[in-house]
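Colleague: Give the three-dimensional model of this entry:
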Amino acid sequence: MWRVRSGAIVPRPYSGKVCEMSGKNSGQFYVERRDDGKYTGTRGGASRASVVGDTQKEAIQGVKEIAPDAPVHVERVRNTDVGHRDKWRKP
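Modeller: From the prediction side, this is the model:
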């Protein structure tokens, strides 16, 4: 997932390939709010977050840096006319 170049850790480019072992959602990312108020960007089927940010915007930007072409689903954090908290939206 990560590689070291010149002492800096940088993400590898997203290949767009889905790993058969991790399920069909492994090529997608989900941005969700944690209990401590921070936001995580997690690849589908993963148990650990790929990105952690203080805001949804930071988490979405982090996911886009790791995988610019991957679909991102964002958890709603408030009720709107379009959807409620238990629904996903696109950034």
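Colleague: for the protein, what spans make up the strands?
Modeller: Along the chain, counting by DSSP state E, strands occupy 2-5, 8-11, 29-33, 39-43, 51-53, 72-75, 88-89.
Colleague: Check the average confidence over the second one, would you?
Modeller: Strand 8-11 shows an average pLDDT of 53 in the prediction.
Colleague: Lowest mean pLDDT across the strands of the chain, which one is that?
Modeller: Looking at the strands of the chain, the weakest mean confidence is strand 2-5, a mean of 47.
Colleague: how about stretch 62-71: buried residues?
Modeller: 62-64, 66-67, 70 (16 or more other CB atoms under 10 Å). From N, CA and C alone the C-beta is placed, and that goes for glycine too.
Colleague: nope, stretch 27-44 is what I was after
Modeller: Counting neighbours by 16+ other CB under 10 Å, stretch 27-44 gives 27-33, 39-44 as buried.
Colleague: Check those residues and tell me the two furthest apart.
Modeller: Pairwise distances among the buried residues of stretch 27-44 were taken by CB to CB; the largest, 22.4 Å, belongs to 27 and 33.
Colleague: ok, residue 70 to residue 82 distance?
Modeller: As defined by CB to CB, to the nearest Å, residue 70 lies at a distance of 23 Å from residue 82.
Colleague: Distance of the residue nearest to residue 72 when sequence neighbours are not counted relative to residue 51?
Modeller: Spatial nearest neighbour of residue 72, chain neighbours left out: residue 29 (4.9 Å); criterion: CB to CB, 6 or more residues apart in numbering. The gap separating residue 29 from residue 51 is 8 Å, by CB to CB.
Colleague: where do the contact lists of those two overlap?
Modeller: Counting by CB atoms under 8 Å, 6 or more residues apart in numbering, the residues touching both residue 29 and residue 51 are 41, 63, 66.
Colleague: Turn those into a markdown table, columns for distance to residue 74.
Modeller: Converted to a markdown table, those look like this (distance: CB to CB, whole Å):
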| residue | distance to residue 74 |
| --- | --- |
| 41 | 9 |
| 63 | 9 |
| 66 | 15 |
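Colleague: of the residues you listed, closest to residue 76?
Modeller: residue 41 (15.7 Å).
Colleague: Done for today, thanks.
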